Every structure is written in structure tokens, then in C-alpha cells.
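Chemist: Below are the sequence and a predicted model for it; my questions follow.
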Amino acid sequence: MPQRARGLRKSFAVFAATVMVLLAFAALSSPVAAASTEPSPAMSTSGVTTYGPGYAITNLPDGSVRFEYIPTFQRWDGAWRPTTALDRSAGEWPFLVEEGLTDLRVTRLGQDFRQVKVPLATYEILLDGVEETFPILLIPPEPVLSVVFESNYSVEVDGLAIRLRDSSGAIAWTTGPFHAWDSADPPRTWDRPITSLSYSNGLLSLTLNATMLAEAAYPIFVDPTWITSASTGWASISTRDNVMEDYGDHNFRLGWFADDFNDNTKDSVWLTDTGSWSILGGVAQLNPFTRIRSSASD
């Protein structure tokens, strides 16, 4: 056989083998079932993508499904969205802020709170909360500052903080530590600008620090902040750069399999399909034929 013919036959054989490998690889892309959390749909050039807590599922035109772990957040209306879509002006935010001339309303997952503004107050909308800064101008000022505060959350006072619990009883919002500074150069600061706090009949009352009122250079600026998801300070971010919220007592978890078992505790992220296992002395003890997998719901 001529040398050129043998070369063409060899090249064709290599090409055919490559096509068979590619077809075999494509066959591995079988459809994946979505998690129980209701995802939010989005259109993409390669198919329809839905999002859930920490994942994206794309239905591709060829009938296969692409599953990805990505950073996501839960929008104020409950829809899950990728963190790349965060845009408050477009409503893509963990909570909805409606600011009027005299009041401020914050809504999330069907519940809200409304606060009448302190005169000349300014507001900064953060990813995980709303920071308010208001001035104290009068000399001498009233020792108690009261504002109208209405909410369909359950409102409770815990020392110098206010906590708002949602319909499930979980803390949805809390006030961060109060801070204050005056108009001196350099400004003098106070970490306890209020000495007591109370809430009754839709009225929020703050007793201002008497020493601060007597010694400060006016105006004094006070900055209470409403923070979402008090346990983490991460609002409703479910996954950010492979760091997962852990709503138990372990705070944060890096990735899905970040457990060295050193606390002798079985985290709920681990599920057993077959067999059984235990933890002793910081070591996972697996019985024969035990199979462990991660739970996509944790």
C-alpha cells in the first residue's frame, strides 16, 4: 500500500477514536434533579438556569444538565440569585428599602419594619444592613430620644440591642452596637452613647449618655445600624467563595467537606447511605460497607 494511503488510514482511525471518546463523555452528562429549595429561573445563551442556596442548574439545549456550586443570595422576595446579580437599584438585593421624606421601610420575605426618621438623619444601605447616622443639635438636648417604630416582626429588647424575630421565631434583624462622635478636632468618640433602650406601643426610646451630652462638642453624631442575620452578619448570603453558613454552633464551614472531626461531633452535612459510623478521639470510625455522602440541603 502506498505510504500516503497508509498515512490517511491511520489519521482517519485516530479521528474516529477521538469522536467515540467525545460521544462517550457526552453520554455521562445525565439530567440532575433540583434540590427541594425552590430555585429562581434565569435565561442564558446556553439554556435556562435556575438558582438555589449555593448552586446553579442549567438545562442545556442538548437535553443535558449542568450543575455548579456558585455564590448565591436570597432576594428580598424569596428568589435565589447569583451574587453577580447584586444591584440594589434593580431590586436585586437581600432586602427592599423604601425611603420617604419622613420614614424608612425595610421589607424581606413578606415581613417589614418602618421607622420614622430622626430629623436630618442619613442612611447607608449595606449588603447586610442599614446604617443610620443622625445628629444631636440642641444644647442641652433631651436625655431621651423617642421615634415611632412599627413592625410585623416580633420586637424584643435585649440589653442595648433590639431583635426582630420572624414568623418562625428566628432572629431576622438586630441592632448593632451604637457608636457616637462629636464635632471636636480630633473628634471624641463614645462606644456607649446610650445607657438604656426600651420599646412600647410602637415607640422606640433611647436614653442618651449623660456624660456624653455634658462634655461633647455639638453637634453629636450617633450611628445605630440594623443588621440582618445576626448570627453571621452575612445577610442572606448562602455561599460566598466556598464559605458556607452553619446555623448550628460551628459558625462557618469552608466548602462542603470541611470537618476534621476534632470536636467529636457529627455535623448534619454528613449523611449515611449504608452502614454506620461514629467519632471517637477526633477520628471518624467507619464500619464495613459504610457509605457517607454530603447533604445538599445543609
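Modeler: Received it, and whenever you're ready, just let me know what you need. Predicted model, so just to flag it, every value in this text is computed and none were measured.
Chemist: what about Gly63, distance to Thr50?
Modeler: Applying Cβ to Cβ, to the nearest Å, the value for Gly63 to Thr50 is 16 Å. Backbone N, C-alpha and C define where each C-beta goes, glycine included.
Chemist: whoops, I mixed them up, Glu68
Modeler: Distance of Glu68 to Thr50, given as Cβ to Cβ: 11 Å.
Chemist: Name the residue in those two with the higher neighbour count.
Modeler: Thr50 (18 against 12; other Cβ atoms under 10 Å).
Chemist: Shouldn't that one be within a strand?
Modeler: Yes: assessed with DSSP: H, G, I helix; E, B strand; the rest coil, Thr50 lies in a strand.
Chemist: Specify the beta-bridge partners of it.
Modeler: Pro41, Ile57 (DSSP bridges).
Chemist: confidence score at it?
Modeler: Per-residue confidence (pLDDT) for Thr50: 93.
Chemist: How about the one 3 residues further on?
Modeler: With respect to pLDDT, Pro53 has a value of 87.
Chemist: hang on, the earlier thing: who touches both of Glu68 and Thr50?
Modeler: Both Glu68 and Thr50 are in contact with Ala56, Ile57, Thr58, where contact means Cβ atoms under 8 Å, 6 or more residues apart in numbering.
Chemist: Any of those buried? List them.
Modeler: Taking 16 or more other Cβ atoms under 10 Å as the criterion, what is buried in these is Ala56, Ile57, Thr58.
Chemist: okay if I get the residues you listed as a markdown table plus pLDDT and distance to Val147?
Modeler: Formatted as a markdown table, these follow (pLDDT from 0 to 100; distance: Cβ to Cβ, whole Å):
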| residue | pLDDT | distance to Val147 |
| --- | --- | --- |
| Ala56 | 92 | 42 |
| Ile57 | 93 | 45 |
| Thr58 | 92 | 47 |
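Chemist: Among those, which one lies nearest to Ile227?
Modeler: Ile227 lies nearest to Ala56 out of the buried ones among the shared contacts of Glu68 and Thr50, by Cβ to Cβ, at 27.6 Å.
Chemist: Does that closest one touch Ile70 like I think?
Modeler: Yes: at 5.1 Å, Ala56 and Ile70 qualify as touching, with contact defined as Cβ atoms under 8 Å.
Chemist: Give the intersection of the neighbour lists for those two.
Modeler: The contact sets of Ala56 and Ile70 overlap at Pro82 (Cβ under 8 Å, 6+ apart).
Chemist: Just say helix, strand or coil for Glu142.
Modeler: Reduced to three states with three-state DSSP, the structure at Glu142 is coil.
Chemist: For burial, what's the neighbour tally of it?
Modeler: 10.
Chemist: likewise Leu86?
Modeler: Residues lying near Leu86 (other Cβ under 10 Å) number 16.
Chemist: Good, we can wrap up now.
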